[in-house]
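Novice: After the sequence you'll find the predicted model.
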Amino acid sequence: MEQSCKECLMRPDAADESAPPVPTLNNSRRARFVWLTVAAACLVAAALLVANIARPLAGPVRFFGDAPRSGGMQRKVQLPAIFSSGPTLFCWCIMRADSYERDILEAQHGEGAGIFECDGQMVFSDVPVSIGGDFDTEPIGSLSSSLGGQGALATSPRVNTENFFHAWDSLRSNYRFEDYDFVVKLDPDTVFIADFLKQYLVQHGIPADNGLYLDNCPQVDNGFYGCIEVMSNVAFGGFMENFDQCRQMLAWEGWGEDLFAQKCMDSMGMIRQGAYDLVMDGNCHGPGAPPACAPGMVAYHPLKDADAWLDCWAQANGQGEAPAFRGSIGRGAPPGMAPEEAIAEEEEDRHAGWFPDATEWLPKVDLPEFH
């Protein structure tokens, strides 16, 4: 009897066919093993997913984590693998060859930083020069500027729109920007970290196939400030196609190039998207002084000296101060002029709508978190 009962437990087919099925010991153990295995696999997968998402936010640099040092400056902060297929950037700027702007760009070229961190770039200048020995600028002739015009939209203290007409003409003739997702115009004295912009665009879900541009100075009517101008490929392509019409129809005399570009895109129905945590700009509600270079922003402006530029770039990457830079002909600020004076003399993108009494302005440094 005892043997037959054991056989009943071990052999379901030996049980009474009229009785309800009873799980056997072997089947029960097998089920528990399967469920435990599946649960463990799910826990491991969830842990790996959380680790991959959290990794870019670890460390003192909010976007990419700490950038380790190994005896000197790290040449470039690498984009994490989960963002390696992010948007591509075409970056460009205008440079005066016989000025501190050339020193700054040579320093950028030497470190593979700033505009030279982008996927594609062009540097326009008044005369053809080589930067770093193997990068040639695109000459567009004299780069003169005049005092701002009259009226509510007049740019102060200088206007530079006509200089940019030549650069825009060149860009729309060679269409070098065509194969990139976003077009970024920079001032030479803007500290810029391209990989940070790529993650910014990914985090905010900003598409390249929509006609939009990023407004970067809050609480003003025209906040598309020229230290960093980010446009989708669609927006910049439309701007190039309608450039002649805007030049004829808009009352642009007395405007800066950034205001001209913004008004032209607005007239075309392009989308203005606020990006007020994009840049620390001393000209946005401030006196035009160099900003604090705390890690976590895409850009910082103005830094009108090569050493100051490199120091800010290193600090923004969490690396401390950079080694001193010596330009090829030691231009720096014009003779007899301090860098602070050069800021007022050479600044090209300040609008009359800023508030000169806001001397206690503190830039925002907090970054948006992942959703």
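Specialist: Structure's in. What do you need?

Novice: Residue 107 is in contact with residue 310, isn't it?
Specialist: Yes: counting by C-beta atoms under 8 Å, residue 107 touches residue 310, with 5.5 Å between them. (Each C-beta comes from the backbone N, C-alpha and C, glycine too.)

Novice: quick one: residue 92 from residue 304, how far?
Specialist: Distance of residue 92 to residue 304, given as C-beta to C-beta, to the nearest Å: 19 Å.

Novice: If you could redo that for residue 184, that was the one I meant.
Specialist: 20 Å.

Novice: same deal with residue 266?
Specialist: 30 Å.

Novice: Neighbour count: these two, which is higher?
Specialist: residue 304 (27 against 15; other C-beta atoms under 10 Å).

Novice: Can you give me the neighbour number for residue 269?
Specialist: By the criterion of other C-beta under 10 Å, residue 269 has 8 neighbours.

Novice: same question, residue 202
Specialist: For residue 202, the count of nearby residues is 16 (other C-beta under 10 Å).

Novice: same thing with residue 219?
Specialist: 11.

Novice: Equivalent analysis for residue 88, please.
Specialist: 16.

Novice: That one against residue 180, yeah?
Specialist: Yes: contact between residue 88 and residue 180 holds when scored by C-beta under 8 Å: they sit 4.6 Å apart.

Novice: Now the common contact residues for these two.
Specialist: Taking C-beta atoms under 8 Å, 6 or more residues apart in numbering as the contact rule, the neighbours common to residue 88 and residue 180 are 119, 120.

Novice: got the residue ranges for the helices in the stretch 251-371 of the chain?
Specialist: For the stretch 251-371 of the chain, helices defined by DSSP state H, counting those that start in this stretch occupy the ranges 257-267, 306-316, 339-346.

Novice: got the contact list for the nearest residue to residue 279 once chain neighbours are set aside?
Specialist: Nearest residue to residue 279, sequence neighbours excluded (C-beta to C-beta, 6 or more residues apart in numbering): residue 299, at 4.0 Å. Contacts here follow C-beta under 8 Å, 6+ apart; on that basis residue 299 touches 186, 190, 191, 192, 193, 197, 227, 228, 278, 279, 280, 281.

Novice: Mind checking which of those land in strands?
Specialist: Among the contacts of residue 299, the members found in strands (DSSP state E) are 186, 191, 192, 228, 279, 280, 281.

Novice: Which of these ranks first by neighbour count?
Specialist: residue 191 (33 neighbours).

Novice: does residue 249 really touch residue 260, like I thought?
Specialist: No: counting by C-beta under 8 Å, residue 249 does not reach residue 260; the two are 11.5 Å apart.

Novice: Between these two, which has more neighbouring residues?
Specialist: The neighbour comparison of residue 249 against residue 260 (other C-beta under 10 Å) goes to residue 260, with 27 against 12.

Novice: Now do the same contact list for the more buried one.
Specialist: Counting by C-beta under 8 Å, 6+ apart, residue 260 has contacts 161, 164, 246, 250, 252.

Novice: swap the cut-off to 7 Å and go again
Specialist: By C-beta atoms under 7 Å, 6 or more residues apart in numbering, the contact list for residue 260 reads 161, 250, 252.

Novice: Tell me how far the first one lies from residue 226.
Specialist: Going back to what we said before, that points to residue 161. Separation of residue 161 from residue 226 (C-beta to C-beta) stands at 10 Å.

Novice: These two: which has the busier surroundings?
Specialist: Higher neighbour count among residue 161 and residue 226: residue 226, with 28 against 23, using other C-beta under 10 Å.

Novice: these two touch, right, that one and residue 259?
Specialist: No: in this structure, residue 226 is not within contact of residue 259 by C-beta atoms under 7 Å, at 8.4 Å.

Novice: average pLDDT for stretch 110-122?
Specialist: If you average the pLDDT over stretch 110-122, you get 97.

Novice: And it, what's buried?
Specialist: Judged by neighbour count (16 or more other C-beta atoms under 10 Å), stretch 110-122 contains these buried residues: 110, 111, 113, 114, 115, 116, 117, 118, 120, 121, 122.

Novice: With stretch 128-140 instead?
Specialist: Neighbour-count burial for stretch 128-140 [16+ other C-beta under 10 Å]: 129, 131, 137, 138, 140.

Novice: What are the contacting residues of it?
Specialist: Here stretch 128-140 has contacts from 95, 97, 102, 105-106, 109-110, 122-127, 166-167, 170, using C-beta under 7 Å, 6+ apart.

Novice: again, 10 Å this time
Specialist: For stretch 128-140, the external contacting residues (C-beta atoms under 10 Å, 6 or more residues apart in numbering) are 92-95, 97-98, 102, 105-112, 115-116, 121-127, 163-171, 174, 176, 328.

Novice: so which strand or helix has residue 164?
Specialist: In the assignment (DSSP states H and E), residue 164 maps to helix 161-174.

Novice: Restrict that helix to CA atoms and write it as PDB.
Specialist: The C-alpha coordinates for helix 161-174 follow below in PDB (Å, rounded to 0.1, in the frame of the first residue of the first chain):
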ATOM      1  CA  THR A 161      25.000  92.400 -40.000                       C
ATOM      2  CA  GLU A 162      26.700  93.400 -43.300                       C
ATOM      3  CA  ASN A 163      29.800  91.400 -42.300                       C
ATOM      4  CA  PHE A 164      27.600  88.300 -42.000                       C
ATOM      5  CA  PHE A 165      25.900  88.900 -45.300                       C
ATOM      6  CA  HIS A 166      29.200  87.800 -46.900                       C
ATOM      7  CA  ALA A 167      29.400  84.700 -44.700                       C
ATOM      8  CA  TRP A 168      25.800  83.700 -45.300                       C
ATOM      9  CA  ASP A 169      26.400  84.200 -49.100                       C
ATOM     10  CA  SER A 170      29.300  81.700 -48.900                       C
ATOM     11  CA  LEU A 171      27.300  79.200 -46.800                       C
ATOM     12  CA  ARG A 172      24.400  79.200 -49.200                       C
ATOM     13  CA  SER A 173      26.600  78.800 -52.200                       C
ATOM     14  CA  ASN A 174      28.700  75.900 -50.900                       C
END
